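Colleague: got a predicted model here, sequence first, then my questions.
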Amino acid sequence: MEIKLGDKKILNDSIKSTLFGKFYEKIISSWFREKGYEVEEGKPRIYWNSINLEERKERNDFASKLYATLNKYKKEGKEYCTPDGFMKKDNRYFVWEAKNWALWTEGKKPLDLLSDTLSSMPLILATTAIYRTKKYHIDGFLFSWWSKPDGAESLIEEIKKSIAPRTFEIFYTAKILDDCINNKDKYSWYIDIINDVEEIVDKLFKDLRGESNQS
């Protein structure tokens with residue numbers, strides 16, 4: 001029977017969400033490798049001054065919000081951002097950013113939270129990234145979010161139009177977990193990650209109970 005973890009409220013308190021936030025990126029990056037991406041070690045940088053504020057004079061609402069945020073960052077003297085990953089597939093380079101707000105919605109509807117989060121990320125406008133001191137052309141952006149809210153399709157299409165010909169794709173963490181659990185015999189790395197974290201957490205609680213062996 002197929003397990004659908006994404007349908008369950010597994011991150012239903014702040015402790016679980018915080019703990020999961022410490023290692024979920026490792027799960028996602030390993031899953032990307034299963035899908036044919038080369039996950040580079042370390043993180044890229046995107047410099048705000050590499051994005052021209054006048055790059056696109058005709059902008060949809062989403063693009064206008066991105067440029068407004070970019071202009072704000074420049075006025076505040078911010079130099080760059082550090083996305084969560086840099087990947088290669090079919091000789092194309094991708095920047096990856098991960099957010100996993102499964103619990104905290106800030107009182108917003110799920111779709112509004114996703115839209116507000118993405119519109120505050122002008123890195124989506126970048127055409128180049130610096131990785132290990134070398135400049136690379138960006139072919140697309142990969143974004144991770146906990147689960148798909150109703151109405152996300154229209155938002156994604158608006159983003160794609162804002163940055164074309166570069167691509168944009170969202171990967172949902174809950175669905176990735178579903179895939180990992182249902183294919184854990186094939187994805188041995190997934191169980192290794194879970195076991196490593198479980199060992200660390202178990203040791204913490206043993207220490208707190210005073211059950212650890214005294215040296």
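Modeller: Done, it's in. Numbering: from 1, shown residues only.
Colleague: now name the helix or strand holding Trp96.
Modeller: strand 92-98 (DSSP states H and E).
Colleague: same check on Tyr73?
Modeller: Using DSSP H and E, Tyr73 sits within helix 61-75.
Colleague: which parts of that helix are buried?
Modeller: 62-63, 65-67, 69-70, 73 (16 or more other CB atoms under 10 Å). C-beta coordinates here come from the backbone N, C-alpha and C atoms, glycine included.
Colleague: thinking again about what came up before, run through who's touching the strand holding Trp96.
Modeller: 24-25, 28-29, 32, 37, 44, 46, 83-88, 121, 123, 126, 129, 136-144 (CB atoms under 8 Å, 6 or more residues apart in numbering).
Colleague: just the angle between the helix or strand just after it and strand 92-98, please?
Modeller: Helices and strands here follow DSSP H and E; after strand 92-98, the next one along the chain is helix 110-119. Between helix 110-119 and strand 92-98, the angle comes out at 120 degrees (axes from the mean of the first three to the mean of the last three CA atoms, to 10 degrees).
Colleague: give me the buried positions along the longest helix anywhere in the chain.
Modeller: If you go by DSSP state H, the chain has its longest helix at helix 188-209. Across helix 188-209, burial judged by 16+ other CB under 10 Å covers 189-190, 193, 197.
Colleague: between these, which is closest to Ala152?
Modeller: Tyr190 (25.6 Å; CB to CB).
Colleague: how near is that closest one to Ser144?
Modeller: According to CB to CB, to the nearest Å, Tyr190 stands 16 Å off from Ser144.
Colleague: quick revisit: adjacent strands (with direction) for the next helix or strand after the helix holding Tyr73?
Modeller: Reading on from helix 61-75 to the C-terminus, the next helix or strand found by DSSP H and E is strand 80-81. Strand 80-81 has its sheet partners listed here by DSSP bridges as strand 46-47 (antiparallel).
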